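J.: Let me see the structure of the following:
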Amino acid sequence: MELLVRRVLSVRSATAPRLGAGGLVFYLSDVTGVQQLWFFDGSRHDVYAPVEGRVGDYRVSKDGVVAVAVDRDGDERWRLYLLGDDLREVSTEGVNSLGAWSPDGSALAFTSTRDSPSDFHLYVYRRGEGRVERLAELGGINVVEEWSEAGIFVTHYETNLDSTIYLFRDGELKELTKHSGEALNFSPRYVGGGKALFLTNADWEYVGVAQMDLATGSWKYLVQLDRDVERFDVWGNYLVFSVNEEGRSGLYQMHIPSGLTYKLPAPAGVATHLEYRDGVVLFSLSAVNKGHEVYVYRDGAVRQLTRSPRFGAPLEQIPEPRSVWYPSFDGRKIQANIYAPPGEPRGVVVYLHGGPESQDRPEFKPLVAAMVSAGLLVAAPNYRGSTGFGKSFVHLDDVERRWDAVRDVEVFAKWLQEEGIARGRPCVAGGSYGGYLTLMALATAPDLWACGVEMVGIFNLVSFLERTAAWRRRYREAEYGSLDKQKDVLVQLSPASHVDKIRAPLMVVHGANDIRVPVYEAEQLVQRLRELGREAKALILPDEGHVITKVENRVKVYTEVIKFILQHV
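T.: Numbering: from 1, shown residues only. Below is the predicted model:
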């Protein structure tokens, strides 16, 4: 069984495809054990240029120059370089967010905290001069989306759920999506004629595709549905977009002038990247029993471009998850995914996603796939506060209402027992916000759980907000509560205030380089549990951050996690 688990955890992935000069297809892959930039030239796949560290993002200029964002040991302090015979430094100070090349490829726009630890200002790197110039000061989180003949499009995030699009041109910033109330506006694409398409949920519960006249600011929806459009791209008169359909992605192509739309024959899964150029659709798709691969749609047919190593792991034997809805404490229906093993389950794990502005979806998650392969049934609820169910649902766990999300988890575990899905006490596991919820579940319903696995989670909301990266604090306060105004709520909702009630054995996993949830959270938790005489096994990874980035570490750590769970369920 352990060998099978290690094989599943060793499965490699390919994602984020883009077309380059000369017909090259670029993509990111962890075949080498850490994510690097790869290319496919029609006959062979190879690493484009090996770098020390993890390549998290990249952009290809019109003339084929490649810019990459690289971090080290999972620290997420992204450094920007140009790839060639040697790495050419673009920006390595602060945290950098890779943006877009100018239309002629002579300059690269990006945002960075290099001059302010809490603000991503707008910068440009001029290749010919080899220098960086600050173009505009912008507070908070800002992302360069596109550089076209119209100018540089930047999305500014007021909160994680409220954003606006700016256009930088001729030294001036113009706000394109002025709005009252909360609305997401992002992913602009210039389509010529003074018009741009973008994603928005303004005046609507779900994200759709809209078209704007840049001169007047007037806009209208082109695609408006009762579910979220995730991403899109446009080429000529055609639009390709993906839709969140109860977790899975539906891919569609639309003729913009007529509105005629049809569904593309893509495999079942979750689309993670989408690009449309010269009549070719490149996308990456993640599925629990297919892994994470790159595909191309051309001339009415879909072809898989990458086939990442599986090390003999029989992913195809993992059944598709079953979507269920259960009634919570107040009668509200909550959606969940049930990942059942092929045979009789050896136990049940309630798996809690992070975010919390996120959603459990039937994608390839190595830990979940390995747990199912080990005979565990994994049940993953999309408790209130999750995305994918409308923007009203996302706010149902804000600040003091977080207690309702905690109760959603408890009710779900009891529902699993009542339905006969869990025949004994389940284990509860989660990472990041899911790790926080894991601790709250263990503390508020201590007799319900056989064990817990908490990964990079929050133990004390106060110390978390005080120590998280400076640029993150205001965005997390919008979700959890303000240190200045709502500290009492933060204290009440912290697992630290209820840790004495935790009785189930607990495994704690954390990366020492985590800038989102600093490792101090795990250190506090383990120390307190051991003072109370409770079982607390800690795995602190010195060369990882908030996410396990190295395959070797993933295999080692998650194998131990599964052993721990099987000992207790």
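J.: the helices in the stretch 201-350 of the chain, which residues?
T.: Along the stretch 201-350 of the chain, counting by DSSP state H, counting those that start in this stretch, no stretch forms helices.
J.: And the strands in it, which stretches?
T.: With DSSP state E, counting those that start in this stretch, the ranges of strands along the stretch 201-350 of the chain come out as 208-213, 219-223, 229-235, 238-245, 248-255, 261-263, 270-277, 280-287, 291-298, 301-304, 322-327, 333-339, 347-352.
J.: quick check, Thr438 in a strand?
T.: No - assignment of Thr438 by DSSP: H, G, I helix; E, B strand; the rest coil gives helix, placing it outside any strand.
J.: what number of residues lie near it?
T.: Using other CB atoms under 10 Å, Thr438 has 28 other residues around it. Yep, even glycine has a C-beta here, placed from its N, CA and C like the rest.
J.: was I right about it contacting Trp449?
T.: No - at 9.1 Å, Thr438 and Trp449 do not qualify as touching, with contact defined as CB atoms under 8 Å.
J.: quick one: low-confidence parts of the stretch 351-500 of the chain?
T.: Residues of the stretch 351-500 of the chain that meet the criterion pLDDT under 70 are absent altogether.
J.: all helices in it, in order from the N-terminus.
T.: Applying DSSP H, counting those that start in this stretch to the stretch 351-500 of the chain gives helices spanning 366-373, 391-394, 402-418, 433-444, 461-467, 473-480, 487-492.
J.: what's the most buried one of those helices?
T.: Most buried of the helices of the stretch 351-500 of the chain, by mean neighbour count (mean count of other CB atoms under 10 Å): helix 433-444, with a mean of 26.
J.: Against which helices or strands is it packed?
T.: Judged by 3 or more CB pairs under 8 Å, 6 or more residues apart in numbering; DSSP states H and E, helix 433-444 is in contact with strand 347-352, helix 402-418, strand 427-431, strand 451-455.
J.: Now do the longest one: distance to the chain's middle.
T.: In terms of CA atoms, centre = their mean, to the nearest Å, the centre of helix 402-418 is found 24 Å from the chain centre.
J.: which other residues reach it?
T.: Helix 402-418 is contacted by residues 326-330, 334, 336, 348, 350, 352, 356, 379, 381, 383-385, 396-397, 422-423, 426, 428, 437, 440-441, 444-445, 448-449, 480, 493 when judged by CB atoms under 8 Å, 6 or more residues apart in numbering.
J.: And the third one, by the same measure?
T.: Residues from elsewhere that reach strand 427-431, judged by CB under 8 Å, 6+ apart: 347-354, 409, 413, 436-438, 441-442, 449-457, 509, 561, 565, 568-569.
J.: quick one: strands adjacent to that strand?
T.: For strand 427-431, the pairing partners within the sheet under DSSP bridges are strand 347-352 (parallel), strand 451-455 (parallel).
J.: sorry, back to before: could you point out which of the helices and strands packed on helix 433-444 sits nearest Gln36?
T.: When those are compared for distance to Gln36 using CB to CB, the nearest one is strand 427-431, at 23.8 Å.
J.: Filter the contacts of helix 402-418 down to the buried ones.
T.: Neighbour counting by 16 or more other CB atoms under 10 Å classes 326, 328, 334, 336, 348, 350, 352, 356, 379, 381, 383-385, 396-397, 422, 426, 428, 437, 440-441, 444-445, 448-449, 480, 493 among the contacts of helix 402-418 as buried.
J.: give me the number of residues near Gly250?
T.: For Gly250, the tally of surrounding residues (other CB under 10 Å) stands at 17.
J.: From Pro446, how far out is the closest residue in space to it that isn't next to it in sequence?
T.: The shortest distance from Gly250 to any non-neighbouring residue, by CB to CB, 6 or more residues apart in numbering, is to Val243 (4.6 Å). Using CB to CB, to the nearest Å, one gets 41 Å for the distance from Val243 to Pro446.
J.: more neighbours, the two?
T.: Looking at Val243 and Pro446 with other CB under 10 Å, you find the greater number of neighbours at Val243, namely 22 against 14.
J.: From Ala196, how far off is the more buried one?
T.: The span separating Val243 from Ala196 equals 21 Å under the rule CB to CB.
J.: do you know which of the helices and strands packed on helix 433-444 lies nearest Tyr166?
T.: With CB to CB, the closest approach to Tyr166 among the helices and strands packed on helix 433-444 belongs to helix 402-418: 32.4 Å.
J.: got the angle for that closest one vs helix 473-480?
T.: Put simply, helix 402-418 runs at 60 degrees to helix 473-480, going by axes from the mean of the first three to the mean of the last three CA atoms, to 10 degrees.
J.: mind checking the backbone torsions on Asn201?
T.: As for Asn201, its main-chain torsions (degrees, to the nearest 10) stand at phi -120, psi 30.
J.: and it, what does it touch?
T.: Here Asn201 is in contact with 183-184, 207-208, 228, 391 (criterion: CB under 8 Å, 6+ apart).
J.: Show the buried residues in those.
T.: Neighbour-count burial within these applies to 183-184, 207-208, 228, 391; the criterion is 16+ other CB under 10 Å.
J.: any chance of the residues you listed in JSON lines, plus distance to Ala109?
T.: Output for the buried ones among the contacts of Asn201, formatted as JSON lines (distance: CB to CB, whole Å):
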{"residue": "Ala183", "distance to Ala109": "24"}
{"residue": "Leu184", "distance to Ala109": "22"}
{"residue": "Val207", "distance to Ala109": "25"}
{"residue": "Gly208", "distance to Ala109": "27"}
{"residue": "Asp228", "distance to Ala109": "27"}
{"residue": "Lys391", "distance to Ala109": "29"}
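J.: Mind picking the lowest-pLDDT entry from the residues you listed?
T.: Minimum pLDDT for those is recorded at Lys391 (94).
J.: Is there a neighbour count for Gly192? I'd like the number.
T.: The burial count assigned to Gly192 is 11, neighbours taken as other CB under 10 Å.
J.: how close does it sit to Asp233?
T.: Looking at Gly192 against Asp233, where the rule is CB to CB, the gap reads 15 Å.
J.: still on that earlier bit, dump the helices and strands packed on helix 433-444 to JSON lines, plus distance to Asp41.
T.: What follows is those, written out as JSON lines (distance: least, CB to CB, whole Å):
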{"stretch": "strand 347-352", "distance to Asp41": "39"}
{"stretch": "helix 402-418", "distance to Asp41": "48"}
{"stretch": "strand 427-431", "distance to Asp41": "37"}
{"stretch": "strand 451-455", "distance to Asp41": "39"}
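J.: wait, which of those is closest to Leu461?
T.: Between Leu461 and the helices and strands packed on helix 433-444, the tightest spacing by CB to CB is seen for helix 402-418, at 9.4 Å.
J.: Tell me what angle that closest one forms with helix 433-444.
T.: With the same axes, to 10 degrees as the basis, helix 402-418 and helix 433-444 are set at 70 degrees to each other.
J.: Nice, that's everything, thank you.
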